[in-house]
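In: Curious how this folds, go ahead:
(one chain, ligands or ions: 1)
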Amino acid sequence: MASDPADFARMQPEELEPWIRSCGLGPSKARSIVATSRALLEQHGGKVPGTFEQLIELPGVGRKTANVMLANAFGTPAIAVDTHVFRVANRLGLAAARTPESTEEQLRRRIPVELWGQAHHWLIHHGREICHARNPECSRCPLLRLCPEGQRRCG
Ligand code: SF4
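Out: You can find the predicted model right below:
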C-alpha cells in the first residue's frame, strides 16, 4: 500500500487512518504521519534527519519520539521517557522528578551513556511486566529490596 514517505505524502489522512487503527493510532496520528512525510520530502530529501533539533521540528514528533529515533535508528545515545520510563524511574528512585523532561535529565546523569538506549527498553519492559501503573507487583519484583516505592508499599 505505502512503503516510503513519497507514498504517505500522496495520501489524505482519512485514507491512512483505517490502516493504523489496529495499532491504537487515530486521526491525529494519521494527520501527523502524512504531514511528516511531506516535510521529509520537502525539507530532507525524503530521508529521516539524524539530529534531535531536526527531528523535533517534524509534525507530531516530540522529545520522546525524537529520542527513540536517535537511539534506535541512528545509534545515538539518548533516553526516551514515556509513561513507563517516567513511572518506573521515579518509583525506583533513579529520578525524583515531576516531568518527563526532568526525568530524562536525571537519568542521563545517573546512567552511563553507553547504556542509555538499553536502559530505556529495560525500564519500559519492567513497567509493562511488573511495575504496572495501578497495581505494581512488588511482592514478586526482583528490585523490591532496592526500591523506595516498593518498600513503602510492601517492605
Ligand atoms: S518494587 Fe514495586 S514499585 Fe518498585 S520497581 Fe518493583 S514493582 Fe515497581
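
In: Could I get the pLDDT score of Ala2?
Out: With respect to pLDDT, Ala2 scores 88.

In: list the contacts for the residue in the chain positioned nearest to the ligand?
Out: Closest to the ligand within the chain is Gly150: 2.3 Å, counting by C-beta to the nearest ligand atom. C-beta here means a position set from N, CA and C on the backbone, and glycine is covered the same way. The neighbourhood of Gly150, defined by C-beta atoms under 8 Å, 6 or more residues apart in numbering, consists of 91, 136, 138, 141, 143-144.

In: Just the element for it, please.
Out: If you go by DSSP states H and E, Gly150 is part of helix 148-154.

In: May I see the buried residues of that helix?
Out: Residues of helix 148-154 classed as buried: 149-150 (neighbour count, 16 or more other C-beta atoms under 10 Å).

In: Same check on stretch 102-119?
Out: Judged by neighbour count using 16+ other C-beta under 10 Å, the buried positions of stretch 102-119 are 103-104, 106-107, 111, 116-117, 119.

In: One more: stretch 77-89?
Out: Within stretch 77-89, the residues scored as buried using 16+ other C-beta under 10 Å are 77-82, 84-89.

In: which one is Asp82 nearest to, not counting chain neighbours?
Out: With sequence-adjacent residues excluded and distances taken as C-beta to C-beta, 6 or more residues apart in numbering, Asp82 is closest to Lys64, at 5.6 Å.
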